[in-house]
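Colleague: Turn this into a model:
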Amino acid sequence: MNVDKAKKRIAKQVKKGFKGYPLISLAYFGKSTDFATEVVVTFTLDEEAEPQEQRFVSENDVRHDETIQSVLLKIIERSDANTVTETDSVAVR
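Modeller: Below you'll find the predicted structure:
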């Protein structure tokens, strides 16, 4: 899938706002605020459930990596997430 198409579909899910659980959160990390080398996907089944995390790391910017963006979209679709959140910025690690 085209990276722009995947990013648009993820953004569409994020714009819906909080619609309940299950919830998927996407957080980006990198060595600077301009370049994300890691994305952490957190899945929470319900309010009392323990969150599950999965990390994807790349030497390229993960926000522009076609494979990673396509995988994130598939995770969102297959989990039947009612809510998707995404950080606006890159956290420095």
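
Colleague: any idea which helix or strand carries the most centrally placed residue in the chain?
Modeller: Centroid-nearest residue in the chain: L26, 3.0 Å away (criterion: C-alpha atoms, centre = their mean). Assigned by DSSP states H and E, L26 belongs to strand 23-30.

Colleague: Which secondary structure elements does that strand sit against?
Modeller: Contacts defined by 3 or more C-beta pairs under 8 Å, 6 or more residues apart in numbering; DSSP states H and E place strand 23-30 against strand 38-44, helix 66-79, strand 83-92. All C-beta atoms are positioned from the backbone trio N, CA, C, and that covers glycine.

Colleague: That strand to strand 83-92, inter-axis angle?
Modeller: Between strand 23-30 and strand 83-92, the angle comes out at 10 degrees (axes from the mean of the first three to the mean of the last three C-alpha atoms, to 10 degrees).

Colleague: And the pLDDT at the residue located most distally from the centre of the chain?
Modeller: Within the chain, the residue lying farthest from the chain centre (C-alpha atoms, centre = their mean) is E48, at 21.1 Å. pLDDT recorded at E48 is 95.

Colleague: Show the pLDDT at the residue nearest to the centre of the chain.
Modeller: Reported pLDDT for L26: 98.

Colleague: V3 too?
Modeller: 89.

Colleague: cool, and the one 3 residues further on?
Modeller: For A6, the pLDDT comes out at 93.

Colleague: that older thread, make a markdown table out of the helices and strands packed on strand 23-30 and add mean neighbour count.
Modeller: As requested, the helices and strands packed on strand 23-30 are exported to a markdown table (neighbours: other C-beta atoms under 10 Å):
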| stretch | mean neighbour count |
| --- | --- |
| strand 38-44 | 18 |
| helix 66-79 | 17 |
| strand 83-92 | 15 |
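
Colleague: ok so, going back, distance check, the residue farthest from the centre of the chain against Y21.
Modeller: Distance of E48 to Y21, computed by C-beta to C-beta, to the nearest Å: 10 Å.

Colleague: how about F29, what does it touch?
Modeller: Contact partners of F29, counting by C-beta atoms under 8 Å, 6 or more residues apart in numbering, are 36-40, 90-93.

Colleague: For A81, give me phi and psi.
Modeller: The phi/psi pair for A81 (degrees, to the nearest 10) reads phi -70, psi 130.

Colleague: Perfect, that will be all.
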